[in-house]
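Enquirer: build me a model:
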Amino acid sequence: MVDKRSRYNVSIKEMPMSLINETSRISQENFLTEFLLHCKEYEVDCSPKFVEVSISILDALYLTLKKYRTLTVLRLQNCGINAYGIIQIYSMLMDFNCLRDLNLDGNPNVQENYHLLCKSVGNLSYLSLQFCKITDEGVKKIAEELQYADPPNGPKLLALNLGNNRIGDLGALEIGRMLRTNRSVQSLILTGNRICDDGAALIIQELNMSRLTHDEIVDLRRRRFDALILQEKMLNDLYKANENEIPKIVEDLPKPENLEARKNKVSKKSNKPKKPSLSNSSSKITVEDNSKSISRLPTLGKNTPIEIDHPFGKESTASRGMIRISGNFVLKHLNISFNHLSGAIIKKLIACLLYQTYMMRSDTSKGLLYVRIEGNEFNQDDEKDLMELEEILWYRQTGEYLSSEDVEDPIILEKSDL
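Expert: Have a look, this model is predicted:
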């Protein structure tokens, strides 16, 4: 059979790999050419002896992205980017949705305005801020930006690298508060900071079951009340929109005298034997038409359960006169290596992993899967706990199911939760 397709009508799958690579190369060359053109306008040296990204270069990059929105990864390590440069990069994230991965390692500034990069604008998924001299105050601003926000302003960041900074226990407290409501961050790297046992315990605590505070309960009730008011308004609007259809449906229903006449007619014919047929199709059609008309009426009722987007609304349960939440099961990777932790943190991690395994059972797609804690102040007495921790992580990573004997005994809530 002769193929009548044009020789120019070729799909991407049928293209040779060399042609695809050539297309990608041309796109990159166009981007680079445009960028160098703007650098020339700002009289910027395109090949300096040392790498320092000035304001002019960032302006040139912004103008280039305006025309070629193909850049998805931006790595500017040790480039001397100051606070104003962070604002310029934030403008890129806000105006262009192409950037997914941003690396600004080694770019400290006194203002510590890195929280701008964590806003929900754009589609940034990966952010690395190693060696930026971020303090507890700086991480507090980042954590506040990553806390839960009502859609569509919710956080989108998947991975956050804050390694080798100056984060202590106060900063760890803010990170714990962030993890309490954040359900987007899956990877958190805090290696090489100044976190001690108290700070690490505050982070791990949010991965376990805990109880809501008074302020959180009040906020949850307010959200449910607002959702109830909204549901009531929707119900009223639906009835108002359909109140004109109710008389039409009543008119379509068969009248009593017609029903009686049809019943007598059917009873007379029932004495004669006949084969099954579709003779009553008219009555069936009438019923179907009526059912379709009735289906147009609103089905939302006052007893419809109220759903809230907030994690506390989905994960909270009432027991023993208190409201508890199951904890953050979204975080999968936690790196707290090379801090100032003792063996007590290993025990807390083991209890946390066993709790999450018990709650999720055979589902290992949620909860902690990778934990790095090397380089801390452990001793020989902690080797047994380290081996147990590695064994539990191996079970979770491979999808193996722990027996009830391995899971149920160590799950003990802390006294503060009882």
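Enquirer: now do the helix or strand containing residue 236: which elements does it pack against?
Expert: Here residue 236, judged by DSSP states H and E, is contained in helix 214-242. On a contact count with 3 or more C-beta pairs under 8 Å, 6 or more residues apart in numbering; DSSP states H and E, helix 214-242 meets helix 311-315. C-beta here means a position set from N, CA and C on the backbone, and glycine is covered the same way.
Enquirer: what sits up against the helix it packs on?
Expert: By C-beta atoms under 8 Å, 6 or more residues apart in numbering, the residues outside helix 311-315 that reach it are 148, 181, 183, 212, 216, 219-220, 223-224, 307-308, 325-327.
Enquirer: downstream of it, the next helix or strand is which one?
Expert: strand 316-319.
Enquirer: sheet-wise, list the partners of whichever helix or strand comes after that following strand with their directions.
Expert: The helix or strand immediately downstream of strand 316-319 is strand 322-325, counting by DSSP H and E. For strand 322-325, sheet partners with direction are given as strand 210-211 (antiparallel), strand 316-319 (antiparallel), following DSSP bridges.
Enquirer: wait, which of these is closest to residue 238?
Expert: strand 316-319 (28.9 Å; C-beta to C-beta).
Enquirer: any idea of the mean pLDDT for the closest one?
Expert: Confidence over strand 316-319 (mean pLDDT, whole number) is 84.
Enquirer: show residues contacting it.
Expert: 212, 220, 323-326.
Enquirer: try stretch 366-375
Expert: 191, 207, 329-339, 341, 345-346, 349, 352-353, 356-357, 359-360, 389, 393, 396-397.
Enquirer: the same query, at a cut-off of 6 Å, please.
Expert: For stretch 366-375, the surrounding residues in contact (C-beta atoms under 6 Å, 6 or more residues apart in numbering) are 329, 332-338, 353, 356, 360, 396-397.
Enquirer: report the buried members of those residues.
Expert: Those of the contacts of stretch 366-375 that meet the buried threshold are 329, 332, 334-338, 353, 356, 396, by 16 or more other C-beta atoms under 10 Å.
Enquirer: need the residues you listed in CSV with secondary structure, can you?
Expert: CSV is the format used below for the buried ones among the contacts of stretch 366-375 (DSSP: H, G, I helix; E, B strand; the rest coil):
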residue, secondary structure
329, coil
332, coil
334, strand
335, strand
336, coil
337, coil
338, coil
353, helix
356, helix
396, helix
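Enquirer: name the nearest of these relative to residue 69.
Expert: For these, the closest approach to residue 69 (C-beta to C-beta) belongs to residue 332, at 30.3 Å.
Enquirer: quick one: contacts for the closest one?
Expert: 186, 369.
Enquirer: now do residue 109 against residue 67, distance only.
Expert: 29 Å (C-beta to C-beta, to the nearest Å).
Enquirer: over to residue 324?
Expert: In this view, residue 324 and residue 67 are 53 Å apart by C-beta to C-beta.
Enquirer: please apply the same query to residue 213.
Expert: Distance, residue 213 to residue 67, using C-beta to C-beta: 50 Å.
Enquirer: follow-up on the earlier one: of residue 109 and residue 67, who's got more company?
Expert: Neighbour comparison, residue 109 and residue 67: the larger count goes to residue 109, with 18 against 12 (by other C-beta atoms under 10 Å).
Enquirer: per-residue pLDDT, the closest residue to that one other than its chain neighbours?
Expert: Leaving aside its sequence neighbours, residue 109 sits nearest to residue 83 (C-beta to C-beta, 6 or more residues apart in numbering; 4.5 Å). Predicted confidence (pLDDT) for residue 83: 95.
Enquirer: low pLDDT regions in the stretch 301-418 of the chain?
Expert: In the predicted model of the stretch 301-418 of the chain, residues 301-306, 401-418 satisfy pLDDT under 70.
Enquirer: what about the strands in it?
Expert: Assigned by DSSP state E, counting those that start in this stretch, the strands in the stretch 301-418 of the chain fall at 316-319, 322-325, 333-335, 370-372.
Enquirer: out of those strands, flag the one nearest residue 168.
Expert: Nearest to residue 168, of all the strands of the stretch 301-418 of the chain, is strand 333-335, at 16.7 Å by C-beta to C-beta.
Enquirer: partner strands of the closest one and their direction?
Expert: Strands that pair with strand 333-335, judged by DSSP bridges, come out as strand 187-189 (parallel), strand 370-372 (parallel).
Enquirer: can you give me the buried ones in the last one?
Expert: Read that as strand 370-372. For strand 370-372, by 16+ other C-beta under 10 Å, it's residue 371.
Enquirer: point out where this protein drops to low pLDDT.
Expert: For the chain, the stretches with pLDDT under 70 are 1-53, 244-306, 401-418.
Enquirer: nearest residue to residue 347 other than its sequence neighbours?
Expert: Using C-beta to C-beta, 6+ apart, the closest residue to residue 347 is residue 385 (6.1 Å).
Enquirer: the one you found contacts residue 344, correct?
Expert: No: using C-beta atoms under 6 Å, residue 385 makes no contact with residue 344, being 9.6 Å away.
Enquirer: picking up where we left off before, just put the strands paired with strand 333-335 in JSON lines and tack on distance to residue 238.
Expert: What follows is the strands paired with strand 333-335, written out as JSON lines (distance: least, C-beta to C-beta, whole Å):
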{"stretch": "strand 187-189", "distance to residue 238": "43"}
{"stretch": "strand 370-372", "distance to residue 238": "48"}
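Enquirer: for these, which one sits closest to residue 115?
Expert: The closest of these to residue 115 is strand 187-189. By C-beta to C-beta, the value is 15.7 Å.
Enquirer: tell me which helix or strand comes right after the closest one.
Expert: helix 197-205.
Enquirer: buried residues in that following helix, which are they?
Expert: Residues 197, 199-205 are the ones in helix 197-205 that count as buried (16+ other C-beta under 10 Å).
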